[in-house]
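Undergrad: Need a 3D model of the following:
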Amino acid sequence: MRPNRLREIWAGGGAVVNGWLAIPNSFSAETMAHQGWDSLTIDLQHGVVDYQAMIPMLQAISTTDTVPVVRVPWLEPGILMKTLDAGAYGVICPMVNTREDAQKLVAYTHYAPRGTRSFGPVRALLYGGADYPQHANDTIVTFAMIETAQALDNLDDILSVPGLDAIYIGPSDLSLALGCKPTFDDLDPKAAQAVEHILARAQAHGLVAGIHNGSPEAALKRIAMGFQFVTVSSDARLMAAGAQQVVATMRARHAPKDAGGY
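TA: Below you'll find the predicted structure:
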């Protein structure tokens, strides 16, 4: 089976630099994949990407060594299993709030006897290889998102579930849950303390910790803190930022003449 580079990077003590795909288009996904990201996450939870758009995006990512990850819309067995069958090598599940939620997530993403994943890896066989069924349980990476006050209360119970590989912090939802302003980078003190606490407890349980970031500077600081999976911006935000920079430069150097009134 094709190895999972996420696991290889983590085994070497490194951090994965992850990009985010919100645009439902295979060409934009292919373009992003050729820029050298360690992994790219297709976001099915927020934005406009659906399952049918996801398939060609996974195929586009497969033209490179970039690892395909998918954030599913919710903790629901059907979409988790279909996402893995499509060839995702990692899944990020939002709103995991209890130990039972984490147990379900692990069960839905692992074949028996470890879990209850149904067998039908239609595209996963093409991407992973003919021996995919024998090695999928040890190759796929399962992330539980920690982003609510309830999850914080149940944190150690969640992190101690066997088979869970990593957690992923959504800073905006976590901030909202704690009564703070929703943001990625410059967190209110209460939210910042919660992020540090989640990271410390994940490390204590031997799990990888990941987090969403709005800028490379914030992501680098979080790698220095100990995070081993950092998302930086998204395809849509990067496109908008690049376009804004071009337009601002043009406007500053070539201000349009006032057309005047009638």
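Undergrad: The stretch 1-150 of the chain: helices as residue ranges?
TA: If DSSP state H, counting those that start in this stretch is used as the criterion, the helices of the stretch 1-150 of the chain fall at 5-11, 26-33, 51-61, 77-85, 99-108, 124-128, 132-139, 149-153.
Undergrad: mind listing what Ala144 touches?
TA: With contact set as Cβ atoms under 8 Å, 6 or more residues apart in numbering, Ala144 has these partners: Cys93, Val96, Asp101, Ala102, Leu105, Ile158, Leu164, Ala166, Ile167, Tyr168. Bear in mind the C-beta positions are built from the backbone N, C-alpha and C, glycine included.
Undergrad: any idea how far Ala243 lies from Asp235?
TA: Taking Cβ to Cβ, to the nearest Å as the criterion, Ala243 is separated from Asp235 by 12 Å.
Undergrad: neighbour count winner among the two?
TA: Asp235 (19 against 10; other Cβ atoms under 10 Å).
Undergrad: how many neighbours does Tyr51 have?
TA: There are 14 residues near Tyr51, going by other Cβ under 10 Å.
Undergrad: now do Asp156
TA: Residues lying near Asp156 (other Cβ under 10 Å) number 11.
Undergrad: repeat for Ala60
TA: By the criterion of other Cβ under 10 Å, Ala60 has 23 neighbours.
Undergrad: so what pLDDT did the closest residue to it other than its chain neighbours get?
TA: Nearest non-adjacent residue to Ala60, counting by Cβ to Cβ, 6 or more residues apart in numbering: Glu30, 3.7 Å away. On pLDDT, Glu30 comes in at 98.
Undergrad: isn't Glu30 right up against Pro56?
TA: No. Glu30 is beyond contact range of Pro56, at 9.2 Å (criterion: Cβ atoms under 8 Å).
Undergrad: Spell out which helix or strand contains Val247, please.
TA: In this assignment (DSSP states H and E), Val247 forms part of helix 235-253.
Undergrad: Buried ones in that helix, by neighbour count?
TA: Across helix 235-253, burial judged by 16 or more other Cβ atoms under 10 Å covers Asp235, Ala236, Met239.
Undergrad: Kindly report the same for stretch 185-199.
TA: For stretch 185-199, by 16+ other Cβ under 10 Å, it's Leu187, Ala191, Ala194, Val195, Ile198, Leu199.
Undergrad: what pairs with the residue nearest in space to the middle of the chain across the strands?
TA: Nearest to the geometric centre of the chain sits Thr41, at 4.9 Å (Cα atoms, centre = their mean). Beta-bridge partners for Thr41, by DSSP bridges, are Trp20, Val69.
Undergrad: From Gly120, how far out is it?
TA: Taking Cβ to Cβ as the measure, Thr41 falls 23 Å from Gly120.
Undergrad: one step back: tell me which of Glu30 and Pro56 has more neighbours.
TA: Neighbour count, other Cβ under 10 Å: between Glu30 and Pro56, Glu30 has more, with 18 against 15.
Undergrad: and that one, what is it in contact with?
TA: By Cβ under 8 Å, 6+ apart, the contact set of Glu30 is Ala60, Ile61, Thr63.
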